[in-house]
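Asker: return atomic coordinates for the entry below.
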Amino acid sequence: MKVVCEHCGLPFSVARPTPGRAAYCCSGCALAARVSADVAAGAPAASPLLVGALGAGFLFFNQALLWLLAVLLARESGATRLSPEMLVLGSLGLACAVWSTLVVAQYLAGARRLVDWLFFGLSGALLGRGLWAVDPAFAMAATTLLGAWSLRGLAKKKVPRKK
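Answerer: Numbering: from 1, shown residues only. This next block holds a predicted model:
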């Protein structure tokens with residue numbers, strides 16, 4: 001059965017639509033619809049998903065910063081007090097936190113389609129490869145891929161609904 005996405009207005013197929021429940025074409029639209037708060041309509045200014053999205057962004061920034069510092073420090077010759085290995089391990093730890101936060105947020109936002117699970121698996125495999133090889137480049141690729149997939153609904157134009 002064809003339905004229309006509540007966030008972007010694109011039509012898509014649903015096996016069993018639930019009456020009275022909002023339908024979204026992708027988990028990105030579901031997350032974008034739940035993160036945005038309509039304060040004038042009485043919604044709270046900060047939702048748990050908004051806090052999670054901001055936290056994931058903060059962790060991702062620090063993961064990228066540690067990775068970049070490790071790369072730059074490894075290229076520099078001479079003795080330093082901070083070893084690149086410590087920065088690599090910190091970046092990998094933050095990558096695990098970012099990936100877990102994004103997967104939980106996507107699941108809570110309604111990521112139940114096969115393509116969502118494929119992106120979870122692909123990014124998880126990249127993260128696992130980075131952890132196994134102690135290579136934060138794979139972890140950066142994993143969290144960047146999952147982050148872009150999670151936030152793609154923000155790039156879609158929101159269609160105003162008549163009530």
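Asker: quick check: which element contains the residue nearest the centre of the chain?
Answerer: The chain has G147 as the residue nearest its centroid, 3.3 Å off, counting by C-alpha atoms, centre = their mean. If you go by DSSP states H and E, G147 is part of helix 136-150.
Asker: can you give me the helices for the chain?
Answerer: 27-35, 48-75, 84-109, 114-133, 136-150, 152-155 (DSSP state H).
Asker: now render those as CSV, adding distance to V4 and mean pLDDT.
Answerer: All C-beta atoms are positioned from the backbone trio N, CA, C, and that covers glycine. Below are these laid out as CSV (distance: least, C-beta to C-beta, whole Å; pLDDT from 0 to 100):
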stretch, distance to V4, mean pLDDT
helix 27-35, 11, 72
helix 48-75, 22, 84
helix 84-109, 18, 86
helix 114-133, 19, 91
helix 136-150, 22, 89
helix 152-155, 15, 72
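Asker: most tightly packed of those?
Answerer: Among the helices of the chain, ranked by average contacts under mean count of other C-beta atoms under 10 Å, first place goes to helix 27-35 (a mean of 24).
Asker: so what touches it?
Answerer: 5-8, 22, 24, 47, 49-50, 53, 105-106, 109-113, 116, 149-156, 158 (C-beta atoms under 8 Å, 6 or more residues apart in numbering).
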